[in-house]
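Trainee: Quick one, structure for this:
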Amino acid sequence: MNAIAELHADREGRAHLRIYEGNYDTYRAVRKAEQSAAHRRVSEAKNEARKAERERVENQIKLDRNVRRGRDFERSKRKPGLAMGLDKNSSERSAGKLRAAHESMVADARAAVSEAQENLRVQERIYLELAQDALPAGRKVLELQRAGKDPCASVQQDPELKNAYAQNTVSRETQSHEVDYPFRRQDFPEALVLTGPEHLRITGANGSGKTVLLNAIAHTNDPDYRSPVSPAYRVLYRLGNAVYLPQRITLDPERTLLETVQRANPGASEQHLRDQLARLLFRRESVHQHIGDLSGGERFRAALATVLLTDPVPQLLLLDEPTNNLDISSVDWLVQALDAYTGALIIVSHDEDFCERIRIDCTLSLSAKTLGEMS
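Mentor: Residues are numbered from 1 along each chain as shown. Below is the predicted model:
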């Protein structure tokens, strides 16, 4: 990528298009530097505005004091009436000019603040209070066994494997995030156990069976589900309270966003759901938009909002290439939403930058031959 085009609206709703040379990392670095500079300019402008206002108030106090002195002097009648009248007129003209000058300084300072704020993007952040209990660190979430293997036989062959298997423990190379199980063989581990609010990433080339495995995990408790292709792993256990968001989001296009969320959480009041949707940046009348009228990024946000606003919130979330077809702001939104989520996460994603931002605890790498061997 040689350049990034950014379209954004200013504070008055006017659209602006800007081209940033370089890749996404360069874009983020430039925007961060610009935002830092904009924050400094706003801070400096506000300081100048406060200084101008302070000087205006001090000047007004002095003028009021002079007016009182003038009245006292007039009552003393130490000058002829004509002379006193001339002095009063001259004093009022001087005071008026001085007052106007200070008011102009204040107005200019306030205008400078507004101008500085024009370059400061409003960084809207998600703030959620989810109806979820913390997932205990030792709670088993997922247990996989390499297809075609007898878990009991393979474990019994080695006391070390038996002990690790019984305790559901794994060791990881924290720098590379590669799974390094004691019983890892060939290019992928023979078994995998996920515990607590861990984030597992499934990687591999196209055709390696990532989505096949994710579907198998998602439909573990569905007796009617039949996978068209045998996954690389058999699911021995999966936490019951789980939700899967596939690449293709299927929501009723005729329903509004609010109606969609209400169906997912019928026990919640409309005001509660609207408050929560506002925290997910769906504000005011936008909750009455029909799903069919939303953009691709907005539909994904609506689908995830439906998941996060259920009661109770699922303790396991499965996402398949969630950043596909999302714009930069929607990706930022997703990162913040997942930061508020305290359950376990299993994700398939090619987006390295996104995965770095959401915290990946371990990675399960599949290869094309993995699926071929198990088919």
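Trainee: other SSEs contacting the longest helix anywhere in the chain?
Mentor: Looking across the chain with DSSP state H, the single longest helix is helix 24-76. On a contact count with 3 or more Cβ pairs under 8 Å, 6 or more residues apart in numbering; DSSP states H and E, helix 24-76 meets strand 3-9, strand 15-21, helix 81-118. Just so you know, the C-beta spots here come from the backbone N, C-alpha and C atoms, and that holds for glycine as well.
Trainee: Check which helices and strands whichever helix or strand comes after the longest one is in contact with.
Mentor: Spelled out, that is helix 81-118. Using DSSP states H and E, the helix or strand that follows helix 81-118 in sequence is strand 140-146. Packing partners of strand 140-146 (3+ Cβ pairs under 8 Å, 6+ apart): strand 191-195, strand 233-238, strand 344-348.
Trainee: Pull out the buried positions in strand 140-146.
Mentor: Neighbour counts over strand 140-146 (16 or more other Cβ atoms under 10 Å) mark 141-146 as buried.
Trainee: same question, stretch 105-117
Mentor: 105-106, 109-110, 112-113, 116-117.
Trainee: Among those, which one lies nearest to residue 309?
Mentor: Set against residue 309, the nearest of those by Cβ to Cβ is residue 117 (32.7 Å).
Trainee: What score does the closest one have for pLDDT?
Mentor: Among the per-residue scores, residue 117 holds a pLDDT of 66.
Trainee: Check the one 3 residues further on too.
Mentor: In this model, residue 120 is scored at 59, pLDDT.
Trainee: Quick one: mean pLDDT over the longest helix of the chain.
Mentor: 76.
Trainee: Could you do stretch 287-298 as well?
Mentor: 86.
Trainee: what about dumping the CA coordinates of it to PDB?
Mentor: Provided in PDB are the C-alpha atoms of stretch 287-298 (Å, rounded to 0.1, in the frame of the first residue of the first chain):
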ATOM      1  CA  VAL A 287     -30.800   3.100  16.800                       C
ATOM      2  CA  HIS A 288     -33.900   3.300  14.500                       C
ATOM      3  CA  GLN A 289     -31.900   2.600  11.300                       C
ATOM      4  CA  HIS A 290     -32.900  -0.600   9.600                       C
ATOM      5  CA  ILE A 291     -30.200  -3.200   9.400                       C
ATOM      6  CA  GLY A 292     -30.500  -3.300   5.600                       C
ATOM      7  CA  ASP A 293     -29.600   0.400   5.400                       C
ATOM      8  CA  LEU A 294     -26.400   0.100   7.300                       C
ATOM      9  CA  SER A 295     -22.900  -0.100   5.800                       C
ATOM     10  CA  GLY A 296     -20.900  -3.300   6.000                       C
ATOM     11  CA  GLY A 297     -18.900  -1.900   9.000                       C
ATOM     12  CA  GLU A 298     -22.100  -0.700  10.700                       C
END
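Trainee: residues in contact with it?
Mentor: 251-258, 260, 274, 277, 299, 302, 325-327, 329-330 (Cβ atoms under 8 Å, 6 or more residues apart in numbering).
Trainee: which ones are touching residue 335?
Mentor: 354, 357-358.
Trainee: what's it sitting at in phi/psi?
Mentor: Note on residue 335: backbone dihedrals following degrees, to the nearest 10 are phi -60, psi -40.
Trainee: Quick check: it vs residue 343, distance?
Mentor: 16 Å (Cβ to Cβ, to the nearest Å).
Trainee: do residue 316 as well
Mentor: Distance from residue 316 to residue 343, by Cβ to Cβ: 6 Å.
Trainee: Please say which of those two ends up with more neighbours.
Mentor: residue 343 (26 against 22; other Cβ atoms under 10 Å).
Trainee: Let me see the contact set for that one.
Mentor: 132, 135, 197, 313-317.
Trainee: Which single one of the residues you listed is nearest to residue 3?
Mentor: Scanning the contacts of residue 343 for proximity to residue 3, where the rule is Cβ to Cβ, the winner is residue 317, at 34.1 Å.
Trainee: and that closest one, bridged to which residues?
Mentor: residue 243, residue 345 (DSSP bridges).
Trainee: And the pLDDT at it?
Mentor: So, for residue 317, pLDDT stands at 91.
Trainee: Pretty sure it sits against residue 242.
Mentor: Yes: Residue 317 is in contact with residue 242 according to Cβ atoms under 8 Å; the separation is 7.3 Å.
Trainee: coming back round to it: quick one: the helices and strands packed on strand 140-146 as TSV, columns for mean neighbour count, mean pLDDT and distance to residue 61 too.
Mentor: Conversion of the helices and strands packed on strand 140-146 to TSV gives the following (neighbours: other Cβ atoms under 10 Å; pLDDT from 0 to 100; distance: least, Cβ to Cβ, whole Å):
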stretch	mean neighbour count	mean pLDDT	distance to residue 61
strand 191-195	22	86	68
strand 233-238	19	86	73
strand 344-348	23	92	61
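Trainee: Can you say which of these is nearest to residue 270?
Mentor: Among these, strand 344-348 sits nearest to residue 270 (Cβ to Cβ), with 29.5 Å.
Trainee: list the helices and strands the following helix or strand past the closest one packs on?
Mentor: Using DSSP H and E, the helix or strand that follows strand 344-348 in sequence is helix 352-358. Secondary-structure packing of helix 352-358 (3+ Cβ pairs under 8 Å, 6+ apart): helix 328-340, strand 344-348.
Trainee: Go ahead and measure how far the longest one is from the middle of the chain.
Mentor: Its chain's C-alpha centre lies 3 Å from the corresponding centre of helix 328-340 when counted by Cα atoms, centre = their mean, to the nearest Å.
Trainee: Now do the buried residues in that helix.
Mentor: Here helix 328-340 shows 330-338, 340 as buried, counting by 16+ other Cβ under 10 Å.
Trainee: now the angle from that helix to helix 24-76?
Mentor: 90 degrees (axes from the mean of the first three to the mean of the last three Cα atoms, to 10 degrees).
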